[in-house]
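Q: test case, fold it:
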Amino acid sequence: MDKLTNAEIDAAIERGRIVRARSEPRAASARYDADSGRVTVELENGCVFGFPPGLVQDLAKATPDQLAHIQVIGNGFGLYWEALDADIAIPSLLAGIFGTQAWMARRAGQTTSPAKAAAARNNGALGGRPRKSAIV
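A: From the prediction side, this is the model:
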């Protein structure tokens, strides 16, 4: 087996970086669209995605003017709002992670659906949630 030279190793590492950069989700640009109420992100690979800022912990109470001032940071791996001191990782957004675990759990409990509404009505018709008994 022939040994690789330092130059060959460096070239292989650089090729790997290029392949990784092309395959990882990186933002090329981002903007807030006040008409739709969404932040729209265009990725380096040409894909576009959008999300309502109310889903994101650090953006939930932001004004449209604050949301309009987005910066793409970290070679496209993040978004930053200086006025809010909020930064969000692109891979997290794509994975549906919009805040801390506690934030996500609270948001999940606020979800409404026809099935959840029907279950709440049924529970109410039965007298509601049972009271916790005091432990003596």
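Q: any low-confidence regions in the protein?
A: In the predicted model of the chain, residues 1, 18-23, 109-111, 134-136 satisfy pLDDT under 70.
Q: could you pull out the helices in it for me?
A: 6-23, 64-67, 90-94, 101-109, 114-125 (DSSP state H).
Q: mind listing what's buried in the shortest one?
A: Residues of helix 64-67 classed as buried under the neighbour-count rule (16 or more other C-beta atoms under 10 Å) are 66-67. To be clear about C-beta, it is placed using only N, CA and C from the backbone, and glycine gets the same treatment.
Q: next one: it to chain centre, how far?
A: Computed by C-alpha atoms, centre = their mean, to the nearest Å, the chain-centroid distance of helix 64-67 equals 18 Å.
Q: change the start of the numbering to 47 and stick with it
A: All set: I'll call the first residue 47, so the last point we hit is now helix 110-113.
Q: so which residue is smack in the middle of this protein?
A: L139 (2.2 Å; C-alpha atoms, centre = their mean).
Q: residues contacting that one?
A: L139 makes contact with 87, 95, 97, 102, 125 under the criterion C-beta atoms under 8 Å, 6 or more residues apart in numbering.
Q: so what's the residue count around the fourth one?
A: Just to be clear, that refers to V102. For V102, the count of nearby residues is 21 (other C-beta atoms under 10 Å).
Q: residues in contact with the closest residue to it other than its chain neighbours?
A: Excluding its sequence neighbours, the residue lying closest to V102 (C-beta to C-beta, 6 or more residues apart in numbering) is F144, at 4.7 Å. Residues near F144 by C-beta under 8 Å, 6+ apart: 97, 101-103, 138, 150, 153.
Q: ok, of those, which come out buried?
A: 97, 101-103.
Q: which of those residues sits closest to R167?
A: Among the buried ones among the contacts of F144, L101 lies closest to R167 (C-beta to C-beta), at 27.1 Å.
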